[in-house]
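Peer 1: sequence and computational prediction follow.
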Amino acid sequence: MIKKIIGVLATLATLAVILFAALNFGNYTSLLPEDLFSGKSSTEAVEEVAPAVGDAESESVDVSGAE
């Protein structure tokens, strides 16, 4: 009896995996970054855009509204 219950549970689990795979068919998105195998990494792009840490002009913001 226990073997039959385990077999039914294994069958249901297999059918669930097949069903979820069929529902998500055509909507594949990789968990890996797109530029993983190209020459440029995503950290290089962030470093180019980010301002320097000691740059006082980029850190000061005029909030008074006066020009």
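Peer 2: Happy to help now that I have it. Model, not experiment: these values are computed from the prediction.
Peer 1: burial of residue 27, as a residue count?
Peer 2: 6 (other C-beta atoms under 10 Å). For every residue, glycine as well, the C-beta is placed using N, CA and C.
Peer 1: and the gap between it and residue 10?
Peer 2: 27 Å (C-beta to C-beta, to the nearest Å).
Peer 1: which stretches of this protein form helices?
Peer 2: Assigned by DSSP state H, the chain shows helices spanning 2-23, 42-49, 56-59.
Peer 1: in terms of mean pLDDT, which of those helices ranks lowest?
Peer 2: Among these, helix 42-49 carries the lowest mean pLDDT, at a mean of 52.
Peer 1: state the distance from residue 28 to residue 21.
Peer 2: Taken as C-beta to C-beta, the span from residue 28 to residue 21 is 10 Å.
Peer 1: more crowded one of those two?
Peer 2: Legend: neighbour count by other C-beta under 10 Å for residue 28 and residue 21, higher for residue 21 (9 against 6).
Peer 1: residues in contact with the more buried one?
Peer 2: Under the criterion of C-beta atoms under 8 Å, 6 or more residues apart in numbering, the contact list for residue 21 is empty.
Peer 1: relative to residue 33, how far out is it?
Peer 2: Distance from residue 21 to residue 33, by C-beta to C-beta: 24 Å.
Peer 1: got it, and residue 4?
Peer 2: 46 Å.
Peer 1: swap in residue 25?
Peer 2: Counting by C-beta to C-beta - residue 25 and residue 33 are separated by 23 Å.
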